[in-house]
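Enquirer: What shape does this take:
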Amino acid sequence: MNHLQAAGFSVETQNVEKYDDLQVHDKVPASVLSCHTAKVGKYTVEGHVPAAVIERLLREKPKDVAGIGVAGMPAGSPGMESRTPVAYKVMAWRPSGETFVYATVGPDGTISRERK
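Expert: Presented below is the predicted three-dimensional model:
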């Protein structure tokens with residue numbers, strides 16, 4: 001949340017008793033599930049996605065993408081700062097549930113653009 005606010009996003013939080021009951025969470029492919037789910041415009045954002053990748057999604061507005069997400073909690077991702085960050089993938093999914101790599105984040109925080 002702090003990472004997104006620092007990037008200029010307005011953030012509303014909602015604490016829920018049973019995370020699995022969230023309607024928006026139900027549409028996230030199992031391979032992308034993480035610990036946080038958000039709605040940003042018409043897209044779902046799952047997990048620790050860098051603000052720069054969300055900004056790219058909102059700029060491009062791909063019609064064939066339902067959401068983006070980072071599975072798990074990789075060291076070095078926003079909110080998971082670490083002395084030993086790792087590279088990780090930001091996945092996207094289509095309304096059909098098909099997933100593909102949307103971006104790769106290097107251990108140094110550089111973001112490589114990928115898109116099928």
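Enquirer: Quick check: what element follows the helix or strand of the chain with the lowest mean pLDDT along the chain?
Expert: Ranking every helix and strand in the chain by mean pLDDT, DSSP states H and E puts helix 23-26 at the bottom, with a mean of 56. As assigned by DSSP states H and E, the chain's next helix or strand after helix 23-26 is strand 37-40.
Enquirer: tell me which residues of that next one are tucked away?
Expert: Buried residues in strand 37-40, counted by 16 or more other CB atoms under 10 Å: 37, 38, 40. C-betas here are computed from N, CA, C, even on glycine.
Enquirer: what sits against the residue nearest to the spatial centre of the chain?
Expert: In the chain, the residue lying closest to the centroid (CA atoms, centre = their mean) is residue 69, at 3.1 Å. By CB atoms under 8 Å, 6 or more residues apart in numbering, the contact set of residue 69 is 28, 32, 33, 34, 44, 45, 46, 47, 49, 90, 91, 93.
Enquirer: so what's it closest to, chain neighbours aside?
Expert: residue 46 (3.0 Å; CB to CB, 6 or more residues apart in numbering).
Enquirer: show me where pLDDT drops low in the protein?
Expert: For the chain, the stretches flagged by pLDDT under 70 are 1, 4-9, 11, 13-26, 115-116.
Enquirer: which residues of it fall in helices?
Expert: With DSSP state H, the ranges of helices along the chain come out as 2-6, 23-26, 51-60.
Enquirer: Which neighbouring elements make contact with the last one?
Expert: Helix 51-60 makes packing contacts with helix 2-6, strand 37-40, strand 43-46, strand 67-69, strand 99-105, strand 111-113 when contacts are defined by 3 or more CB pairs under 8 Å, 6 or more residues apart in numbering; DSSP states H and E.
Enquirer: Pull out the buried positions in it.
Expert: For helix 51-60, by 16+ other CB under 10 Å, it's 53, 54, 56, 57.
Enquirer: Can you lay out those residues as CSV showing distance to residue 77?
Expert: Below are the buried residues of helix 51-60 laid out as CSV (distance: CB to CB, whole Å):
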residue, distance to residue 77
53, 11
54, 13
56, 16
57, 16
